[in-house]
Each structure stands twice: as C-alpha cells, then as structure tokens.
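Colleague: Sharing a model prediction with you, sequence too.
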Amino acid sequence: MQMSSSKKTSTVVLTAALLALASPMAATAATTGPSASRHSYDKDVLRRDLARVREAGGGDVNVLARFDGPHGAPLMARIGTRTADSLAPIPWNAHFRTASTTKTFTATVVLQLVAEKRLSLDDTVEHWLPGVVAGNGNDGSRITVRDLLRQTSGLYDYIDDPEIQDRLINHFDEYRYDTTPAADLVAVAMKHRPTFQPEPGGATRWAYSNTNYLLAAMIAEKAGGADWKELVEHRVIARLGLRDTSIPGLDPHLPDPHVSAYLVGADGKRLDVTEHSLQHTADSGVVSTAADLNTFFRALAGGRLLPAEQWREMRQTVRRTDDPEDVAEMPEGTYGLGLRKIPLSCGGFYYTHEGDGVGANTRPAVSADGRRALTVSITTTTALPDLAALNRATGTLVDHALCAKPAKVSPNS
C-alpha cells in the first residue's frame with residue numbers, strides 16, 4: 001500500500017501525538033567540477049534556502065538538494081546525517097523512494113505507447129480492463145485513459161480505505177512488507193462509491209487518486225506487452241542511462257548509499273521506517289537520486305522522451321476542484337498528465353510532481369525549457385512534516401533557483 005499522494009501522509013503512520021527526538025545535524029554544501037559560468041544562485045543561497053526547508057519540516061528532517069543548470073558543475077547542499085545515531089553526513093548520491101514522483105514515469109510510458117498507436121488517450125478503462133471498474137456506481141466505460149493520467153476519473157483513492165488506514169496508522173510494523181497486487185488494491189477502491197462521474201464535454205472535475213495510476217499501469221501492461229516495471233526500466237531508465245534509478249518491487253531494501261528514515265510514536269519510541277515494500281506499484285515504486293531525477297525531468301522537458309504531440313498532451317492541464325487538502329497544500333498550479341504546472345515569480349512556470357511516502361518526501365522541478373532542474377529530498381527523523389509549510393519552503397527554493405540570472409562565479413566561492 002503506497003503512501004504517495006500529497007494529501008495522505010499527514011495521517012499515514014503511527015499517531016498524531018508524535019514526540020520530538022533530538023538528532024545531531026551537520027550542514028554542508030558543495031559544488032563539483034572545474035570553475036565555469038554559473039548562475040547567481042550560488043551555494044550560500046542554496047544552503048540558506050535548504051535551511052528554511054528543514055525548518056519548515058519541523059527542524060528535525062534531513063534535507064538534500066541538487067541544482068543542475070545549463071552551465072558548469074551541479075550545485076548541491078545538504079543538512080543532516082545518514083542515520084540518527086551517526087555523525088556521517090547525508091551522501092551526495094543518496095538513494096530515496098520517490099513515491100508519487102513515480103507517476104510521471106508511468107505517465108511517460110503510457111504516452112510513449114500512445115505515440116506508437118498501441119492505445120489512445122480516449123480509450124476507456126472498460127475497453128482495456130473489462131469489468132475491473134464496476135459496482136457501487138463505478139463505471140469504467142465512462143472513464144478514459146486521459147482521465148486516469150490527469151486525475152479526473154473521480155475514482156476512490158484506495159489509500160483512504162478505513163482498513164488500509166488502520167493498518168498504516170496502527171499496525172505499520174506488521175504490514176511493512178506488504179505484497180498486495182495492484183489489481184487487489186483497485187478492488188479495494190471498487191468497494192467505495194466514486195467522488196464523481198466524468199461528464200463527457202462537461203466541466204472537468206479533479207480529485208487526486210492513487211487508484212488512477214494502478215489502472216493506467218495495468219492498461220500499459222496490456223498495450224505494451226510487459227510488466228509496468230519492465231516498461232519503465234526499458235523505455236525510461238535504460239534509455240537515459242539512469243544508473244542510480246531502479247524499481248525494487250517487493251524488495252524492501254534501499255540501495256546504498258541512502259539515508260535512514262524514522263518516525264516516533266506516542267510512546268516515545270523511535271521506529272526505523274526505511275525498510276519496507278509498501279511502495280511497490282506504479283503510483284509510487286521508483287527509487288532514484290537527485291542527480292537522476294534532474295536528468296529525467298530535463299530529458300522530459302527537452303523532448304527526449306516524448307514526441308512533440310504527446311509532450312503537448314502531457315502539458316494540457318486542468319484546474320484542481322474536488323480535493324481541498326491538495327489545494328491547501330499546493331495552492332498554486334494546475335495538473336496535466338502526471339505533471340503539475342506551477343507559476344514562477346519571474347514569469348513563466350515550471351513542471352513537477354511531488355512524492356510523499358513513509359518518512360520520505362521528494363520535490364523535483366524543471367524549467368519549461370528543460371535547461372534547469374532541481375530536486376530536493378527530505379527524510380524524517382521524528383514526525384511527518386506539515387506538507388503545506390514544506391511545499392511553501394521548497395517552492396521558494398525552486399523559484400529562487402529557476403528565476404536566477406546568469407553570473408560568473410567560482411564553484412568554490
């Protein structure tokens with residue numbers, strides 16, 4: 001069971017009465033490579049912005065950021081330690097679970113299959129998965145592939161199911177090695193009535209649901225003739241040479257190096273939540289690094305993964321309407337096909353898809369032209385962060401980095 005939508009993680013694990021836990025922290029920043037033309041957004045500004053992200057996360061999270069621009073070496077900063085009981089700093093190339101950022105990978109594969117005419121965005125769910133979306137007012141014949149990718153299906157989010165919530169909140173340790181197949185999670189969603197029914201030609205309603213991406217992947221598997229994991233590995237990961245990106249599936253271990261994640265319960269005991277298989281399906285299953293995510297999003301925005309027509313489709317966004325928690329946490333921007341579009345203070349906009357999972361939050365961003373990308377990785381040491389505050393702080397960091405003007409500076413200045 002994936003804890004991957006931005007609206008879910010504040011209630012996912014343990015209890016609301018999470019206690020503070022002191023953790024030694026070290027703040028460092030670095031750039032690599034020779035002196036080159038750099039942006040005026042330097043390592044000192046990045047470090048200050050990252051410190052504000054840490055503060056927004058409750059002051060006890062580990063944070064790592066990497067900015068890649070059109071000139072020179074990457075700009076990186078980190079605050080925190082590799083484990084709670086160590087003074088070793090966060091590895092620059094730390095692996096982390098991307099959670100819902102996986103949705104952009106899944107949407108990319110679906111759109112590649114559309115470009116190859118193996119399926120259409122206007123195909124219905126019923127056409128590809130007969131009888132799967134049915135009962136309790138659910139009707140797969142009224143939902144298209146486009147609806148799934150842009151979150152306009154109205155389908156119930158399986159993570160909201162009371163039994164699943166109880167397992168995650170009250171019995172996490174018992175269910176951390178969950179192996180529930182995607183089809184069974186969809187069946188859980190079908191026990192509930194939809195939020196709304198899509199209306200062809202009518203006003204578009206929107207509500208975030210992880211169920212949509214399980215179904216999108218199931219359709220991609222039929223159209224593409226392979227498991228969604230293999231499709232992403234072949235069509236995106238191998239194609240871009242993302243050596244530090246993987247889909248572990250049911251393997252609960254993170255590749256090394258990585259940062260350990262913790263949560264503290266009402267009893268004051270610290271629980272290491274790093275190891276689990278809860279995020280193993282197409283809505284949340286990708287593991288990556290800041291460097292690889294920047295490469296992926298730059299390739300996507302730069303036209304290296306999708307033909308122009310499908311990239312245009314991906315960027316056709318809709319207003320978010322039926323999900324007050326999502327709007328409260330991410331008040332700006334619209335939603336496309338597995339991609340958010342958020343305005344910049346300097347004009348224009350950037351693309352992103354946040355990822356929020358068990359003890360880990362991912363915030364990637366790429367400029368519209370694909371020339372600049374920045375990824376922020378946040379790992380908890382005590383409580384889950386306030387997502388609205390975290391989004392404000394990471395949004396400010398992204399805005400500063402993507403709006404900066406070019407300047408000649410030394411990488412080590």
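Modeller: It's in.

Colleague: Downstream of the helix-or-strand element of the chain with minimal mean pLDDT, the next helix or strand is which one?
Modeller: Considering only helices and strands, the least confidently modelled element of the chain by mean pLDDT, DSSP states H and E is strand 37-39, at a mean of 40. Beyond strand 37-39 on the C-terminal side, the first helix or strand identified by DSSP states H and E is helix 43-56.

Colleague: helices and strands around that next one, which ones?
Modeller: strand 27-31, strand 61-68, strand 75-79, strand 373-380, helix 387-403 (3 or more C-beta pairs under 8 Å, 6 or more residues apart in numbering; DSSP states H and E). For every residue, glycine as well, the C-beta is placed using N, CA and C.

Colleague: Need the contact partners of the second one.
Modeller: Just to be clear, that refers to strand 61-68. Counting by C-beta atoms under 8 Å, 6 or more residues apart in numbering, strand 61-68 makes contact with 25, 41, 46, 49-50, 53-54, 57, 74-81, 90, 92, 94, 259, 290-291, 294-295, 298, 372-381, 385, 397, 401, all of which sit outside it.

Colleague: same thing but at 6 Å, please
Modeller: The list of residues contacting strand 61-68 from outside it, by C-beta atoms under 6 Å, 6 or more residues apart in numbering, reads 50, 53-54, 74-80, 90, 259, 290, 294, 373-380, 401.

Colleague: now it: how far from the chain's centre is it?
Modeller: Remark: strand 61-68 is offset 15 Å from the chain centroid, using C-alpha atoms, centre = their mean, to the nearest Å.

Colleague: Tell me the strands beside it, with direction?
Modeller: Sheet pairing here is set by DSSP bridges, and for strand 61-68 it gives strand 75-79 (antiparallel), strand 373-380 (antiparallel).

Colleague: Redo those strands as TSV? Include mean neighbour count.
Modeller: As requested, those are exported to TSV (neighbours: other C-beta atoms under 10 Å):
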stretch	mean neighbour count
strand 75-79	25
strand 373-380	29
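
Colleague: Tabulate these (a markdown table), appending distance to E275.
Modeller: What follows is the strands paired with strand 61-68, written out as a markdown table (distance: least, C-beta to C-beta, whole Å):
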| stretch | distance to E275 |
| --- | --- |
| strand 75-79 | 22 |
| strand 373-380 | 13 |
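
Colleague: For L240, find the nearest of those.
Modeller: Go through these one by one with C-beta to C-beta and the one that ends up closest to L240 is strand 373-380, at 12.8 Å.

Colleague: where exactly do the strands run in the stretch 301-413 of the chain?
Modeller: Using DSSP state E, counting those that start in this stretch, the strands found in the stretch 301-413 of the chain span residues 334-335, 340-343, 349-352, 355-356, 360-367, 373-380, 406-408.

Colleague: what about those, which gets the closest to E230?
Modeller: strand 355-356 (21.4 Å).

Colleague: how distant is that closest one from the center of its chain?
Modeller: For strand 355-356, the separation from the chain centroid amounts to 4 Å (computed by C-alpha atoms, centre = their mean).

Colleague: thinking again about what came up before, nearest to T274, of the helices and strands packed on helix 43-56?
Modeller: Shortest separation from T274 across the helices and strands packed on helix 43-56 is recorded for strand 373-380, at 8.7 Å, computed as C-beta to C-beta.

Colleague: Cheers, nothing more for now.
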